[in-house]
Structure formats: C-alpha cells, structure tokens
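> sequence? don't have it. structure:
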C-alpha cells in the first residue's frame, strides 16, 4: 500500500450544495429559498432570540444573582482525598495539580474535614478548616501554613 491508494472513508467527504446555478442543477430559480418573503431576500431572517414580536423568553424571566469579577474561586478538597498520597509526602498546590486532583488554572485550595485519614502527611497549604487540621494532626501529620 502506498499514498496513491489512500482514500477517505465512504460518506466522510460531501460536496457543497451550489445553489442558484441554473434550473438543470435542481437548485436554480429561487436557490432553495422558496418564493418571496423575508427569508428569500438578501440579509433576510431574524436575529437570535427573536420570537415574532412576542416578548422573548430572555426578557420574560427575572434577572437573578451576581458574580463579582474580583472574586477568586476557591476549590475545596476533603481530607479523605489525601489518602491517595504516600506516607510522609509534602502536599502543596503543585503536588495536587500534578496528581490531577485540581485543575492547572486553580489558584486557591482549601482542605475540608470530611472523611478520615489513616497515615501521617505534611500539608503545605494556605487554607484549611479546623476539622481537617485536627484530623491530620491526629494521624501524626503536620500543617505548614502558606500566606
């Protein structure tokens, strides 16, 4: 087999419909647009969200909520997710990103106290709940607070 014998799979390549190119093509005359009316004209059609003059759904529903542009998202992880790490490992944001527990775009992480931890770990993180702190220290681990 060589490059000259390669062909695309059947049905994967489709010819473009050329409209308005004479009656013999089957798409001539009105160019598949029907007769007259707004959609047959150049620039015709209605804008997105237009519902024929009736009050559009986007305006019928009430406005709700507010999202501050200054707010930074805080990703939360529970203590039980740290069980996947080996004993004595120092866990920081980079380690969490490397193990894919959080996304690379995340800036702030907080450890919460749901679940149990069964081996000592060193956690080097900015935010940690009091319950999580107690569970990590009870398992023999330590916490280094980063500002």
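Nice, thanks for sending it over. Since we're looking at a predicted model, the values are computed, not measured. Numbering: from 1, shown residues only.
> which residues touch the residue nearest in space to the middle of the chain?
With distances taken as Cα atoms, centre = their mean, residue 103 lies nearest the centre of the chain, 10.9 Å away. Residue 103 makes contact with 75, 97, according to Cβ atoms under 8 Å, 6 or more residues apart in numbering. C-beta: built from backbone N, CA, C; applies to glycine.
> A helix includes it, no?
No - remark: residue 103 does not belong to a helix; assigned using DSSP: H, G, I helix; E, B strand; the rest coil, it is coil.
> For it, what are phi and psi?
Dihedral pair for residue 103: phi -80, psi 160, per degrees, to the nearest 10.
> tell me the domain boundaries of this structure?
Domain assignment for the chain by automatic domain parsing gives 19-48, 74-145.
> and residue 12, which of those domains is closest to it?
Each of the domains of the chain has some distance to residue 12 by Cβ to Cβ; the shortest is domain 19-48, at 22.8 Å.
> circling back to that earlier point, I'd like the domains of the chain as JSON lines, with distance to residue 11 and mean pLDDT appended.
Formatted as JSON lines, those follow (distance: least, Cβ to Cβ, whole Å; pLDDT from 0 to 100):
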{"stretch": "domain 19-48", "distance to residue 11": "21", "mean pLDDT": "94"}
{"stretch": "domain 74-145", "distance to residue 11": "38", "mean pLDDT": "92"}
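> ok, and which of the ones you listed has the densest surroundings?
Each of the domains of the chain was scored by mean neighbour count; the highest is domain 74-145, a mean of 15, by mean count of other Cβ atoms under 10 Å.
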